[in-house]
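Student: Requesting a structural model of the entry that follows:
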Amino acid sequence: MERYLEFRIDEQTTELKMEAFLKKNAGLTKRQISQAKFRPDGITRNGVRCRVTETIYPGDVIRVCLEEAGTASAHLENYNDGIKSKDLSDFHSNKASAPVSETSFSLNILYEDTDILAVDKPAGMVTHPTGMHYTDSLSNLVASYFREKNEQVCVRPVGRLDQETSGIVVFAQNQVAASRLQSVKSPCKIHKQYLAAVSGTLPVDMPGVWHTLDLPLMQDPENHLKMKTAADLSLHSSALSGKIKTAVTHYHTLFSSQDWSLITLKLDTGRTHQIRVHMASTGHPLLGDTLYHSDDKISSCASFSRAALHAWKVSFQHPFRDEMLLLEAPLPFDFRELVSLSGSDLLSI
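Tutor: Numbering: from 1, shown residues only. Have a look, this model is predicted:
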């Protein structure tokens, strides 16, 4: 989708070269500036295309093209092509009888502007197209949404959620927004907070108390679908050390019963299955997580047909405005049912 930034140089600004201004005042990288200058009317001063070596003066109007019109995700097929329609609430209630590949969902939008789209992903849906889910991913659904609005947008999910995980996924609508949201050093980096239900009793924490799990992970050499902690694998071989990734999780217990506990989590890293492996390593695996806990004996009233994990909240600075965005995804049916068992307001943190 076409996206421009426009600046009016104020009277107090000293004379600068265009490239220096775009780096310092517009926050663009050298690569982003280089890409912009090769677009038609990519960088203009007072409506006239200019070079980045030119000097800018007070009163000048600078316009930069971040993305051209016609930029779209043509490779993403329409989500609804050949997919049977089914109501989204059935799946969130864990009552869907059809597999996701045969199910059509409407997009649950939490926030949208010219740069960002944040949506609530249902459990059971993959974020990106895969061989098994080539047309029924969340990215396909978002691409279909923009096509229906006659908008050409390149679909760029910022991060991902496991297929079983519900909750917030953020999409950037242009390349610069994506870069700023993904950069670890950027103030726009997305911070996520999760909600999980785990097996067993954990002591309820006082407000502000968080527990840290610093357990490096790597792919299980015996099962490539799983991850394991380095300690579990007793990895001391230098040949394997390069495959071990730092993984840090913080959790806070909201509620405990005799059989299960409700916790909220924050991550310093975003490794595959990080929360699932870390909580299983404490002896408190996620409810419904058959991959990391095959013998789940908790009571049927609190049972899950998927790993009980929900990307609950996100916060980040807007990539082009001095504004903090705080987004929250409503609880899906299985979590609402579980929380109702506590009989108290657990989520007022």
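
Student: contacting residues for the spatially closest residue to Asp220 that is not a sequence neighbour?
Tutor: Leaving aside its sequence neighbours, Asp220 sits nearest to Lys226 (Cβ to Cβ, 6 or more residues apart in numbering; 4.2 Å). Bear in mind the C-beta positions are built from the backbone N, C-alpha and C, glycine included. Neighbouring residues of Lys226 by Cβ atoms under 8 Å, 6 or more residues apart in numbering: Gln219, Asp220, His273, Leu291, Tyr292.

Student: Looking at these, which is nearest Leu202?
Tutor: Nearest to Leu202 among the contacts of Lys226: Tyr292, at 16.9 Å, using Cβ to Cβ.

Student: what separates that closest one from Ser199, distance-wise?
Tutor: Tyr292 is 11 Å from Ser199, where distance means Cβ to Cβ, to the nearest Å.

Student: and if you look at Thr130?
Tutor: For Thr130, the distance to Ser199 (Cβ to Cβ) stands at 29 Å.

Student: Repeat that for Val64.
Tutor: Counting by Cβ to Cβ - Val64 and Ser199 are separated by 53 Å.

Student: Kindly report the same for Phe38.
Tutor: Taking Cβ to Cβ as the measure, Phe38 falls 56 Å from Ser199.

Student: Of those two, give the one with the bigger neighbour count.
Tutor: Ser199 (24 against 9; other Cβ atoms under 10 Å).

Student: Could I get the phi/psi values of the more buried one?
Tutor: phi -80, psi 140 (degrees, to the nearest 10).

Student: Could you list everything it pairs with in the sheet?
Tutor: Beta bridges link Ser199 to Trp260, judged by DSSP bridges.

Student: Show me where this protein has its helices.
Tutor: With helices called from DSSP state H, the chain shows them at 18-24, 30-37, 88-92, 138-148, 175-182, 230-233, 238-241, 274-281, 333-342.

Student: Just name the most buried of those.
Tutor: A comparison of the helices of the chain by mean neighbour count, using mean count of other Cβ atoms under 10 Å, puts helix 274-281 on top with a mean of 24.

Student: Can you spell out which helices and strands pack onto it?
Tutor: Judged by 3 or more Cβ pairs under 8 Å, 6 or more residues apart in numbering; DSSP states H and E, helix 274-281 is in contact with strand 191-199, strand 227-229, strand 248-256, strand 260-267.

Student: how far off strand 191-199 does it point, in degrees?
Tutor: For helix 274-281 against strand 191-199, the angle by axes from the mean of the first three to the mean of the last three Cα atoms, to 10 degrees is 30 degrees.
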